[in-house]
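> Structure, please.
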Amino acid sequence: MNAVMKLGPTDTLFGTLIDTIDSLVGVMEEESDNLALHGRCPGIAELAKAKSRLVDMLEGATAQLFRQSPDWIEALAADERGMLTTRVGLLRDAAAVNAEVLTRQIALTAEMMAAVGVEMQRLTGRRSEAYSAQGQVSLREVNAPLSINYRL
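Next up is the predicted model:
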């Protein structure tokens, strides 16, 4: 009899845990591929939501396993422990790539927004003057309102 079966209800949770990890790896890889190849593209918001839901499911399944049997990892058969170790390694690798791609995308977006802001400032020449109580005049560049419609 395998160790997971001895744990009772945790055998289903273990299966759920593995399935959730596999799904999360798939979603992260798809998101990373889409962002690396296309930047902003349709479906990214849905992938981010799916990733968030899967992380919540993973945390919930793990917490429930520990509540039901605090030593559930030690009770796993060697092949099941190997499966879990492999899946967690795949998840770690997918998360590292995903984090790198997202960091690069956020930095690129920030640079583009800054460049657009500078160009708007140059074109509009918006400045404000403030007079102090002592009669001094200070000039200040005011940022023009900026809105991006990415559905052009």
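
> ok, residue 91 - contacts?
Shown in contact with residue 91 (C-beta atoms under 8 Å, 6 or more residues apart in numbering): 21, 24-25, 28. Bear in mind the C-beta positions are built from the backbone N, C-alpha and C, glycine included.

> want to throw those into a markdown table with pLDDT?
Converted to a markdown table, these look like this (pLDDT from 0 to 100):
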| residue | pLDDT |
| --- | --- |
| 21 | 97 |
| 24 | 97 |
| 25 | 98 |
| 28 | 97 |
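
> Check the residues you listed and tell me the two furthest apart.
Farthest-apart pair in those is 21 and 28; separation 10.6 Å (C-beta to C-beta).

> which of the contacts of residue 91 lies closest to residue 86?
residue 21 (9.6 Å).

> if I read this right, residue 54 contacts residue 22, doesn't it?
No: Residue 54 is not in contact with residue 22 according to C-beta atoms under 8 Å; the separation is 9.8 Å.

> I appreciate the help and will end here.
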